[in-house]
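K.L.:
no sequence for this one, just the structure:
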């Protein structure tokens, strides 16, 4: 996953498949540098990266060893990782976005329950919720935040072979099928 900061520097999160680590690459110093962010088990799958307005890096990813959604950030000045959701096998297809107050928002797939889930720290601590549980939904999610800090998520509904869209723009979550033609 790739993101660009306010100085047009590149930031990339990825999994080192040889060592099963979450890695990070950036040219922020003027030349490319890579580092290992998390090496505790088989981590770094389905990674997504975002940069906040202070150029802090935020990464969501899947811990395959433990079946958890994890999060890494350098917002404190050094890298810190944490488990965001560990209720079953959660964290597949994560997508991360930052709102105008530098709050983090993550959409992801709960493979234990076949649900689209959402996590945020916008209220001071991490909270997770189920957005869609109608069938096998939540595959390959992508999240974006509009200028009013409303959440928009696109994702795949495997049960109905649909592209679906969820948003809280009206104040509560609304789910709509977008494209149901073919798989």
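P.N.:
Received, thanks. Nothing here was measured: the structure is a model prediction, and the numbers come from that model.
K.L.:
now do whichever helix or strand residue 58 is part of, average pLDDT.
P.N.:
Using DSSP states H and E, residue 58 maps to strand 57-63. For strand 57-63, mean pLDDT rounds to 98.
K.L.:
pretty sure residue 38 contacts residue 45?
P.N.:
No - with contacts counted by Cβ atoms under 8 Å, residue 38 stays clear of residue 45, the gap being 11.2 Å. For every residue, glycine as well, the C-beta is placed using N, CA and C.
K.L.:
which residues are common contacts for these two?
P.N.:
residue 61 (Cβ atoms under 8 Å, 6 or more residues apart in numbering).
K.L.:
thinking again about what came up before, quick check: neighbours of the strand holding residue 58 in the sheet, parallel or antiparallel?
P.N.:
strand 43-51 (antiparallel), strand 68-73 (antiparallel) (DSSP bridges).
K.L.:
what about that strand, distance to the chain center?
P.N.:
For strand 57-63, the separation from the chain centroid amounts to 6 Å (computed by Cα atoms, centre = their mean, to the nearest Å).
K.L.:
also stretch 156-171?
P.N.:
With Cα atoms, centre = their mean, you get 16 Å for stretch 156-171.
K.L.:
how far does it stretch from start to finish?
P.N.:
By Cα to Cα, to the nearest Å, the extent of stretch 156-171 from end to end equals 23 Å.
K.L.:
then stretch 97-112?
P.N.:
OK, stretch 97-112 end separation, Cα to Cα: 24 Å.
K.L.:
buried residues in it?
P.N.:
Of all the residues in stretch 97-112, those buried under the rule 16 or more other Cβ atoms under 10 Å are 97, 98, 99, 103, 104, 105, 106, 107, 108, 109, 110, 111.
K.L.:
pick out whichever of those residues sits closest to residue 91.
P.N.:
Taking Cβ to Cβ as the measure, residue 108 is the one of the buried residues of stretch 97-112 closest to residue 91, at 5.3 Å.
K.L.:
hmm, residue 115 and that closest one touching each other?
P.N.:
No - using Cβ under 8 Å, residue 108 is not in contact with residue 115; the gap is 9.6 Å.
K.L.:
residues shared between the contacts of these two?
P.N.:
Residues within reach of residue 108 and of residue 115 at once, by Cβ under 8 Å, 6+ apart, are residue 138.
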